[in-house]
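>>> attaching a predicted model along with its sequence, questions to come.
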Amino acid sequence: MSKDYHELDEKYNQEDPRAFRKERKRIQAKDRSKYKKTDQEKRKNESTVINGKRGRVLGISKVSIDVDIAGQVTSCNLKGSLKKEKTNQKNLITVGDYVLIDERGQIAHIEERFSYLARAANLDRRKQQLIAANIDQVLITASYQAPTLKPSLLDRYIIAAQKGNMQPIIVINKIDLCKDKTLIDELCKIYKQANIPLLTVSALTKEGITDLKKIMRKKTSVFSGQSGVGKTSLINEVTGRKDKIGPIIQKTQKGAHTTTSATLIPLDKTGFCVDTPGIKSFGLWDISSNDLSNYFYDLLEFAPLCKFMNCTHIHEPDCAVKKAVEEGKLSKIRYESYLNIHEGYE
Ligand code: GDP
Ligand code: ZN
């Protein structure tokens, strides 16, 4: 995998990336199993509260936990008995968690998460540090130019979002720099077939911002994408926040007490946006060849016609996939994206 995807991982796992990847794979395989069938049920059950108040964690500081309870922000503490629970996560509670507050104003229960973003904890690699939880959708952000749009990067983020149980949505920013819409039109076609929404926007001219706000309504979203594509600018647009744009250089303290500064920003009471200052890109999980073939289903429609049953569609003769690309039956962009991602894990 190229550098961009692992900005985050690299930062925290420079010493032993191989061991880290192996461990991450193991944890994710375990975590994924719980996503499978009961997801919808879980979401439904979680909204039925018997006693106490239900809230959502907006931010966590050393001294208190800010919880949104029906639109009101309340400072809460974690109930002592909760602290004794053992998990493979370093932090018990994270931004985005749904919680139950008891009559004393303490967080008495943390609901099961249907999705989360995490990174390996610094000191103990067997543990993960949660960054945010219960995220519905990843706004996979790219820019038309500066940095140049790379379709294969979109596909990597899509696969990662889907693996993490989050809906991928493509946001192509800096559309003001686009003179020729050929590539955009082709991408629209490709992702429409895959049922993945694609928006073209400009934080500069505000083109498409209304649509972006609309798609974020009633959802919890996180912007993800390479550095420089305009994530900060877009968050400012959708939240109305005025923040400094440009690279934020954040010194990370080494050690067990490193805190994440992620927050959940309410969007006019109709959704939330995760803000993770200093973290430019989320670690994208390893993509196995099995994930690849599930994702590139359009490409693999042609595979049964290849000469070799185990054809990788890269260097083999009489490959039906390559032939389909030559004959224009399959998008060259899709094939190149496949090649690019395939290279990454070989
Ligand atoms: P981030 O690293 O993804 O958070 O990106 P930033 O929001 O910091 O933006 C990176 C640079 O791109 C800044 O110089 C912005 O002014 C610029 N930028 C952001 N959005 C747009 C846009 O829609 N059009 C143009 N032309 N520039 C933009
Ligand atoms: Zn083939």
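All right, it came through fine. Ligands and ions are numbered 1, 2, ... in the order given.
>>> what sits closest to residue 216 if chain neighbours are left out?
Nearest in space to residue 216, with sequence neighbours left out and distances taken as C-beta to C-beta, 6 or more residues apart in numbering, is residue 271 at 5.1 Å. In this view, the C-beta of every residue, glycine as well, is placed from N, C-alpha and C.
>>> let me know the secondary structure of the residue nearest to residue 197 when sequence neighbours are not counted.
Of all residues not flanking residue 197 in the chain, residue 169 sits nearest, at 4.9 Å (C-beta to C-beta, 6+ apart). Following DSSP: H, G, I helix; E, B strand; the rest coil, residue 169 is assigned to strand.
>>> got the contact list for residue 169?
137, 138, 139, 140, 196, 197, 198, 199, 215, 221 (C-beta atoms under 8 Å, 6 or more residues apart in numbering).
>>> ok, now how distant is it from residue 272?
Per C-beta to C-beta, to the nearest Å, residue 169 is found 15 Å from residue 272.
>>> just to revisit the earlier point, which one of the contacts of residue 169 sits closest to residue 73?
Set against residue 73, the nearest of those by C-beta to C-beta is residue 221 (19.7 Å).
>>> assign the closest one to helix, strand or coil.
When classified by three-state DSSP, residue 221 comes out as strand.
>>> report how many residues lie close to it.
One way to gauge burial is a neighbour count; for residue 221, by other C-beta atoms under 10 Å, it gives 25.
>>> likewise for residue 111?
For residue 111, the tally of surrounding residues (other C-beta under 10 Å) stands at 19.
>>> give me every residue that touches it.
Listed by C-beta under 8 Å, 6+ apart, the contact partners of residue 111 are 46, 97, 98, 99, 100.
>>> residue 334 too?
Contacts for residue 334 were tallied using C-beta under 8 Å, 6+ apart; they are 190, 296, 298, 299.
>>> so which of these belong to helices?
When helices are assigned by DSSP state H, the members of the contacts of residue 334 inside them are 190, 298, 299.
>>> would you format these as TSV with neighbour count included?
As requested, the ones in helices among the contacts of residue 334 are exported to TSV (neighbours: other C-beta atoms under 10 Å):
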residue	neighbour count
190	20
298	17
299	20
